[in-house]
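Participant: structure for the following, please:
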Amino acid sequence: MDSKRTTAQSKRGPHPIDVHVGSRVRLRRMMQGISQDKLGEELGLTFQQVQKYEKGVNRIGASRLYEIARILSVPVQFFYDDYGDGPETLIGFAETQRNLSGGKDDRADFLATLSTPEGMQLCRAFAKIKDYQVRRKVLDLVKTLGDEVDEGSEKG
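Facilitator: Have a look, this model is predicted:
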């Protein structure tokens, strides 16, 4: 019976909580500036295994999740934060959010952007700006550029 269950589960794809936990591992790893190679090395795994965890393809066991939390300096709960009762509340995957809700979800867009290399670089660089006025000007510039993109897509 176990093999039938495994086969049925693989046809459906990874469980949404596994995908969510994996995306949170990726988010935190990138926030810390740690490569998949480095995390894998710390865990005694290959970077491919870390990739599978991050995509939710392979489920992360409790002891492994505990080790990941220790390495990434967060409580285990961090990996479950922002997960609701159903897949419609899964965040970190903007496309999924839009498809399920039929509209735009700013929180999902934010986390999806933040989990990109460019998003992480932008956050790190912004955090290094000590002068409040400079930070405000950078923020205003980014908002203006974002508004121009929105206006351009409305015209097209």
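Participant: pLDDT score assigned to residue 85?
Facilitator: Residue 85 carries a pLDDT value of 47.
Participant: for residue 60, same thing?
Facilitator: 97.
Participant: grab the nearest non-local neighbour of it.
Facilitator: Counting by CB to CB, 6 or more residues apart in numbering, residue 53 is the residue found nearest to residue 60 once chain neighbours are left out, at 5.3 Å. All C-beta spots, glycine's among them, are computed from the backbone N, C-alpha and C.
Participant: how about the contacts made by that neighbour?
Facilitator: Residues counted as contacts of residue 53 (CB atoms under 8 Å, 6 or more residues apart in numbering) are 22, 25, 60.
Participant: so the first one: helix, strand or coil?
Facilitator: Okay, so that is residue 22. Secondary structure, DSSP: H, G, I helix; E, B strand; the rest coil: residue 22 is helix.
Participant: gap between it and residue 15?
Facilitator: Using CB to CB, to the nearest Å, we find residue 22 at a distance of 10 Å from residue 15.
Participant: which residues do those two both contact?
Facilitator: Counting by CB under 8 Å, 6+ apart, the contacts common to residue 22 and residue 15 are residue 56.
Participant: these two: who's more crowded?
Facilitator: The neighbour comparison of residue 22 against residue 15 (other CB atoms under 10 Å) goes to residue 22, with 24 against 13.
Participant: so that one makes contact with residue 59?
Facilitator: No. With contact defined as CB atoms under 8 Å, residue 22 does not reach residue 59; the gap is 9.0 Å.
Participant: so which of the contacts of residue 53 comes closest to residue 34?
Facilitator: Of all the contacts of residue 53, residue 25 has the smallest distance to residue 34: 10.5 Å, by CB to CB.
Participant: which residues sit in contact with that closest one?
Facilitator: Contacts for residue 25 (CB under 8 Å, 6+ apart) come out as 53-54, 60, 68, 72, 79.
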